[in-house]
Every structure is written in C-alpha cells, then in structure tokens.
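S.K.: Output the structure for:
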Amino acid sequence: MTDGEKIAYIRSVGNFGSETTDEVLSAFLLKAKDIVLATAYPYGYDEETEFPSKYDIVQCDIAIYHLNKRGAEGETRHTENGIDRTYANADTPSDLLARIVPHCSSIKE
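M.R.: Take a look at the predicted model:
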C-alpha cells in the first residue's frame, strides 16, 4: 500500500472529520511505522530496513488507535453522558502488537 492508500483506508474506517488533515494522518502513520518496526525488529533496525508490506493494515490500525486517543493520552478515568473511559497506559495495546512477529537477529555491524 502506498501512503496515500493508507490515508484513504484510515479515512474510510475511522471517524475523522475534515479537521484531521492528511499531514496529521501521515504523522500518525509515521509513528505507527516506527512502532511496527521496533516490534518486528526488537534488536534494532537501520534506515535501509524495508517496511514489511504484510504489516500495512496493522500500521493503519495502530495509527487509528492513537488518533482516537488524541487529547486523552494517559487518561485513567473519564465518565460523561454514559460513556466511561479508562486507560491503563497510553501505549499501543498488546492485541495490536501481537499481530507482529518479531525478527530475531541483530543488525550486521
């Protein structure tokens, strides 16, 4: 998937208004890319490491998760109009990270 296709995917499954620009979505995709690479390559990776295309949707899902938590990072409890939110931490949930298989070898030196 290209970055444009990922942005289109995020817009189609997320509930983001026109105030969420493509630049904002790109920034969250970049953050999600780093999370995927850090999980897939726990012993490190370099600039030449290609992003595995099998994780394109995982990257989008992580970006959507973090986009949905904007303004509520680290929230421990919030109740309003029958909606109750509690976050144990502000990190990516383990069920999303479990979809990434770590590559267990170190960077060549």
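S.K.: C-alpha only now, for contacts and for neighbours.
M.R.: OK.
S.K.: List the contacts of the longest helix along the chain.
M.R.: In the chain, with assignment by DSSP state H, the single longest helix is helix 22-40. Residues outside helix 22-40 that contact it (CA atoms under 8 Å, 6 or more residues apart in numbering): 3, 7, 44-45, 51, 55, 58-60, 62-63, 66-67, 97, 100-103.
S.K.: Mind checking which of these land in helices?
M.R.: Reading helices off the contacts of helix 22-40 with DSSP H, I get D3, I7, V58, Q59, C60, I62, A63, H66, L67, L97.
S.K.: Pretty sure the third one sits against R99.
M.R.: Yes - at 7.3 Å, V58 counts as touching R99 under the criterion of CA atoms under 8 Å.
S.K.: Just want to know which of those two has more residues nearby.
M.R.: For V58 and R99, the more surrounded residue by other CA atoms under 10 Å is V58, and the numbers stand at 18 against 13.
S.K.: quick one: contacts for that one?
M.R.: V36, L96, R99 are the contacts of V58 under CA under 8 Å, 6+ apart.
S.K.: Fine by me, thanks again.
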